[in-house]
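Student: Predicted coordinates and the sequence they were generated for:
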Amino acid sequence: MVGRLVNVGVSAGDAGADNARRAFSKLDAVLQLSVESATTTAQPGAPTVDAAYIIPAGKTGTNWASFSVGQVAVYRGTSYTDLSASGYWEALTPNEGWRAFVRDEDAYQYYTGASVWAPERGGAGAAVSCKYATAAALASNTYSSGVLTASANGALAVDGAAPAVGDRILVKDEVSQLKNGVYVVTSAGSAGTPWVLTRAHDFTTWAKFPGALITIEQGTANADTVWLCTANQGGTLGTTAITFGSLITSGGALGTPASGNLANCTALPQAGVTNLGTVRISTQAAAAVAAIDFTGLDGTYDSYELRISSAKPATNDVEAWLRVQTGGATWQTSGYEYSHSGGNQGGALAAVAAGGATKILITQPTGASLSVGNGAGKSVSGKVTFNSPDQSDYMSILFETAYVRALDTVQNWQRGAGQYSSAIAITGIRFMFSSGNIASGDFTLLGIRKS
């Protein structure tokens, strides 16, 4: 006999041939189980020898009608006379955990028990890659049997790039969402020919889409992004809408779900998440500006944190200040109080405190070259935190700073607190130096989400 497994050297007419061939045939089928279909309901009229099918609900046929849903029907030809009553079909009862490759779906299924076979979903185990992803609907096109063809001649353009033949494209933005999916460029198009995209071989069946993760390599908007297919099992390719939700945006931040996608997630209107519970709201880079402002503070978050990184003053020996905005428009220039202490390699520095001030001072004061220097390698970095700015209450502002002072190359540190001396909601926070511009530096505002 010659089966899918190996030629075992047993032929009809040998003593005990039928029993041996039957045993090897079953072993062959089980070890390399490959079925033609798991959805064919009508018993085939002229199957090939050893063709196998998973018996579905609604099965029909002289012999299949008596088989149980979930069994594997294998056609044995006329090799076994004892199967003649079953039309030479043999029904194998699977055990839980059996795995079968389903040819007409180009996908694997596994037996869960209770007559149920379940698909191993396309992207549930690992992400697959595409070179580009659409950032908007493609130029007008037609769809037929897994092929998208441009309605007019012209080169294909996707997310600021000109894909070449063989490139994989995630098409996710078609108005007719049944067209969406993973495609390969079969013609890039030109002035005399339309572009043509064909569904990728690993995404030619519906079972491959639900739960699939697609990573994108290049593109203006979508480079280094990850997309989740949010379509459900049970659809029909070419008929049912295929939708994708943004899982990771360019730069590695968690994405903002599209309407109707990732419905169980909370949309993030901010730029992204830096760690659990902390949302990066905004980042600004200073370049010869008088101040860095973050406005629009409200009760969305329990607390906020301003991170200051390498803020360099244009003027030597200047103080670093904080001011607040109230009422969504007014930057307050009086009514502050603060206190803080600090030190350096030589020991403690004199404590600093003031009331009725024009700002919250977060470094040593000027006058003895102990404040922030602007020489080579000199700048100030730090962290400022404050809670519940929307409350009509006195809001404590806590800060920590470190900087190389103007006098020499010694690094000072300061730690303290301050407040605006009116019980009022705060709508913005400003960083500035006591004189001159901020020559350079990076500033990031974070929010701690409410539970």
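Tutor: Structure's in. What do you need?
Student: what lines up beside the helix or strand Lys383 falls within in the sheet?
Tutor: Using DSSP states H and E, the element containing Lys383 is strand 380-387. Using DSSP bridges, the strands paired with strand 380-387 are strand 301-313 (antiparallel), strand 396-404 (antiparallel).
Student: per the record, what domains does this structure have?
Tutor: With domains defined by automatic domain parsing, the chain comprises 33-119, 128-248, 279-449.
Student: Same list, the ones you listed, but as JSON lines with mean neighbour count please.
Tutor: For every residue, glycine as well, the C-beta is placed using N, CA and C. Below are the domains of the chain laid out as JSON lines (neighbours: other C-beta atoms under 10 Å):
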{"stretch": "domain 33-119", "mean neighbour count": "16"}
{"stretch": "domain 128-248", "mean neighbour count": "18"}
{"stretch": "domain 279-449", "mean neighbour count": "17"}
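Student: Make CSV out of the ones you listed and add mean pLDDT.
Tutor: Putting the domains of the chain into CSV (pLDDT from 0 to 100) gives the following:
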stretch, mean pLDDT
domain 33-119, 85
domain 128-248, 92
domain 279-449, 90
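Student: Thr240 is nearest to which of the strands paired with strand 380-387?
Tutor: Thr240 lies closest to strand 301-313 among the strands paired with strand 380-387, at 39.7 Å (C-beta to C-beta).
Student: Name the secondary structure element that contains Thr315.
Tutor: Using DSSP H and E, Thr315 falls outside every helix and strand.
Student: Excluding chain neighbours, give the residue nearest to it in space.
Tutor: Gly436 (3.2 Å; C-beta to C-beta, 6 or more residues apart in numbering).
Student: For Thr236, see how far away the residue nearest in space to the middle of the chain is.
Tutor: Of all residues in the chain, the one closest to the mean position by C-alpha atoms, centre = their mean is Leu247, 2.4 Å from it. According to C-beta to C-beta, to the nearest Å, Leu247 and Thr236 sit 25 Å apart.
Student: Gly61 and Thr41: what is the separation?
Tutor: Using C-beta to C-beta, we find Gly61 at a distance of 9 Å from Thr41.
Student: whoops, Pro56 was the one
Tutor: For Pro56, the distance to Thr41 - C-beta to C-beta - is 6 Å.
Student: One more: Tyr53?
Tutor: 10 Å.
Student: And Ala357, by the same measure?
Tutor: Counting by C-beta to C-beta, the gap from Ala357 to Thr41 is 83 Å.
Student: what's the answer for Trp413, then?
Tutor: 76 Å.
Student: Contacts made by stretch 326-337 with the rest, please.
Tutor: 295, 323-325, 353-360, 418-422, 424-428, 430 (C-beta atoms under 8 Å, 6 or more residues apart in numbering).
Student: quick one: contacts of stretch 54-63?
Tutor: Counting by C-beta under 8 Å, 6+ apart, 35, 37-43, 64-65, 67-73, 86-87, 89, 91, 100, 102, 109, 117 sit against stretch 54-63.
Student: Can you tell me which of the residues you listed end up in strands?
Tutor: Val35, Val72, Ala73, Trp89, Ala91, Ala100, Val102, Gln109, Trp117 (DSSP state E).
Student: shouldn't the fourth one be in contact with Arg76?
Tutor: To tie it back to what came earlier, the one meant is Trp89. Yes: in this structure, Trp89 is within contact of Arg76 by C-beta atoms under 8 Å, at 7.2 Å.
Student: is it fair to say Leu178 lies in a strand?
Tutor: No: Leu178 is assigned helix when assessed by DSSP: H, G, I helix; E, B strand; the rest coil, not a strand.
Student: right, and it touches Ala241 too?
Tutor: Yes: under the criterion of C-beta under 8 Å, Leu178 makes contact with Ala241 at 5.7 Å.
Student: Quick check: closest non-adjacent residue to Val49.
Tutor: Nearest to Val49 is Gly77, by C-beta to C-beta, 6+ apart, at 4.1 Å.
Student: typed the wrong thing, it's Asn387
Tutor: The shortest distance from Asn387 to any non-neighbouring residue, by C-beta to C-beta, 6+ apart, is to Ser303 (4.4 Å).
Student: From Leu322, how far out is Ala291?
Tutor: 10 Å.
Student: Can you pull the residues that touch both of the two?
Tutor: With C-beta under 8 Å, 6+ apart as the test, Ala291 and Leu322 both reach Arg430, Phe431.
Student: Name whatever forms a beta bridge with Gln292.
Tutor: Quick fix: residue 292 reads Ile, not Gln. What pairs with Ile292, by the bridge criterion (DSSP bridges), is Phe431.
Student: Can you name the residues that contact it?
Tutor: So Ile292 contacts Gln284, Ala286, Arg430, Phe431, Met432, Ile438, Gly441, Phe443 (C-beta under 8 Å, 6+ apart).
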